[in-house]
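**Student:** any chance you could fold what I've pasted below:
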Amino acid sequence: MKHFSRFGLLLLLAFLTINLQPVYASSMTNPERLDGLDRYETAKIISERAYPGKVNSVVLVSGESFANALPASVLASKLNAPIILIAPTIEASDSAFDYLAKHLDLQGNIYLIGEEGSIGSDFTKKLNDMGYQNINRIGGQSKYETDVLIAKAILPKADNPIVISSGEDYPDALSISSFAAKNGWSILLVNNDLPNVVNDYIQTLKPSKIYITGGPGAVSIEIENKLKTLFPDSEIVRLDGLDRFETAVKIVQYFNKAPNTIYLASGYNFPDALAGSVLAAKTNAPILLVDPNSTQVSNQSLPYLNSLRTSGIKANLISFGGKAIVPEELVSAIDSTLNGTSKLTDGLIQDSISQQDAENLASSFTSIFMTYDYRNLTPKTELYALATSSGFQMGIEKNITANNATMLRDKVIQNVKGITYSGFSINGDEATLEITDISLEGTVNGKNFTEHFSGTITFTRIDGKWLVGDLAIHPLH
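**Tutor:** Numbers count the residues shown, from 1 in each chain. A predicted model of the protein is given here:
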């Protein structure tokens with residue numbers, strides 16, 4: 001069993017982990033989609049789902065700018081009102097006016113968010129011509145002042161938690177908007193500093209908790225430290241990930257560990273998720289941001305979805321926006337991952353692999369566990385391993401934490417030429433893969449090599465993850 005070259009074993013393990021991708025049987029759920037011909041009709045359709053009957057108030061926001069619109073989701077929830085997007089011109093805003101005509105009586109209240117540069121005075125005249133007189137505009141000289149005016153209109157309690165998000169980009173504020181809206185937490189925007197108008201307003205609140213969304217690139221460490229100094233009695237919680245998608249997952253996991261419904265929205269555009277934030281708040285459900293350019297479950301979302309599935313949580317999926325915004329193939333993949341039954345394809349276990357301790361690669365062939373991001377390999381048949389101070393890198397832009405990676409000092413490039421399986425069996429949480437031949441060709445420090453392996457690999461499923469349990473692989477001669 002120990003007749004391995006260390007590089008051969010490394011490459012073999014890498015090949016196996018590359019191919020351990022999640023594939024699930026189809027589920028019994030029926031994902032829904034709320035979409036229209038454009039963002040404005042989509043907002044109307046979402047609002048009609050949230051408020052199909054008459055309403056007392058409606059919040060109108062620009063569909064072209066996120067800065068004032070996102071904080072307004074909290075106000076809309078407070079008013080038990082929908083958020084309706086309006087276009088830059090009256091002629092293009094038929095969807096908004098149609099919703100108003102059907103759902104808001106002439107005695108109802110309309111809130112225009114932003115100054116006239118955001119929503120022009122011609123819209124006020126149009127609304128007056130329709131018979132509406134109770135029109136309230138909330139707008140300041142900057143987006144930060146408008147943000148504070150929206151927060152004041154919510155009338156939060158003095159010790160209420162608040163949310164601090166970047167005013168320069170929308171994804172992080174978008175991810176927390178439904179939770180903030182449900183709880184009445186003001187979303188306060190910052191730039192590279194804490195704007196004076198925001199600082200002064202927070203001083204009047206003395207919040208019990210401050211949620212910071214996004215990493216230091218979104219909300220700087222300087223702002224975080226300033227908040228800690230100004231509000232020593234407030235608990236500071238930063239919710240961040242490596243990118244907008246991981247941050248979204250962190251936020252969802254923090255606030256809702258067992259959702260009955262998950263809303264899917266593009267992480268690269270704000271209007272659909274913004275319109276859906278009130279619906280999500282009303283139904284106590286998270287909004288999960290997805291990549292519209294992908295048809296696979298993202299590595300950021302996969303562990304969260306797996307944890308829900310292994311916990312027996314069945315969630316309905318509802319997409320905001322059309323198939324170009326949230327691809328149908330991606331919805332199916334998420335649904336199958338979340339609500340389907342795991343299965344095996346082509347003799348390979350299809351699930352995530354968890355692992356620690358690369359030191360065992362040098363001497364022991366049991367308990368070899370690596371956290372591995374296989375989708376970052378491009379192409380999938382290539383691999384490089386590079387020693388770092390904390391572990392090693394595998395694939396592209398992915399660190400794998402390891403206790404000791406001194407054996408991985410050489411650059412290794414390999415190509416899998418072929419693999420033959422002779423059998424596969426699974427018994428509960430134990431599985432065995434029988435391999436007739438794996439043919440590897442590669443280079444180590446510029447030197448070519450070819451190796452063939454055969455034998456068996458056993459796997460154990462722990463907490464819903466398949467772990468490499470034991471390897472009995474030997475080189476063929």
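
**Student:** I'd assumed residue 276 was in a helix, is it?
**Tutor:** Yes. When DSSP: H, G, I helix; E, B strand; the rest coil is applied, residue 276 is found to be in a helix.

**Student:** test my guess that it contacts residue 264.
**Tutor:** No. Between residue 276 and residue 264 there is no contact under Cβ atoms under 8 Å: 9.5 Å. C-beta: built from backbone N, CA, C; applies to glycine.

**Student:** which neighbours do these two share?
**Tutor:** The contact sets of residue 276 and residue 264 overlap at 287, 320 (Cβ atoms under 8 Å, 6 or more residues apart in numbering).

**Student:** comparing the two, which residue is more hemmed in?
**Tutor:** residue 276 (32 against 27; other Cβ atoms under 10 Å).

**Student:** ok, for that one, nearest residue in space, not its chain neighbours?
**Tutor:** residue 320 (4.5 Å; Cβ to Cβ, 6 or more residues apart in numbering).

**Student:** let me know the pLDDT of that neighbour.
**Tutor:** At residue 320, the pLDDT value in this model is 97.

**Student:** just residue 190 next, same as before
**Tutor:** So, for residue 190, pLDDT stands at 95.

**Student:** that one contacts residue 223, doesn't it?
**Tutor:** Yes. Counting by Cβ under 8 Å, residue 190 touches residue 223, with 5.8 Å between them.

**Student:** got any residues that touch both of these two?
**Tutor:** Contacts common to residue 190 and residue 223, judged by Cβ under 8 Å, 6+ apart, are residue 164.

**Student:** before we move on, the earlier item: now do the contacts for the residue nearest to residue 276.
**Tutor:** Neighbour list for residue 320: 34-35, 42, 46, 263-266, 272-273, 275-276, 287, 326 [criterion: Cβ under 8 Å, 6+ apart].

**Student:** who does it bridge with?
**Tutor:** residue 34 (DSSP bridges).

**Student:** re the thing from before, out of the contacts of residue 320, what pair is the most spread apart?
**Tutor:** Taking Cβ to Cβ, the two most distant members of the contacts of residue 320 are 35 and 287; they sit 15.1 Å apart.

**Student:** the more surrounded of these two?
**Tutor:** The neighbour count for residue 35 versus residue 287, taken as other Cβ under 10 Å, is higher for residue 287 (28 against 20).

**Student:** find the nearest non-adjacent residue to the more buried one, please.
**Tutor:** Closest residue to residue 287 apart from its sequence neighbours, by Cβ to Cβ, 6+ apart: residue 263 at 4.6 Å.

**Student:** just residue 70 next, same as before
**Tutor:** residue 173 (4.7 Å).

**Student:** which strands or helices does the helix or strand hosting that neighbour pack on?
**Tutor:** Per DSSP states H and E, residue 173 falls inside helix 171-183. Secondary-structure packing of helix 171-183 (3 or more Cβ pairs under 8 Å, 6 or more residues apart in numbering; DSSP states H and E): helix 69-79, strand 162-166, strand 186-190, strand 209-213, helix 244-255, helix 271-282, strand 287-290.
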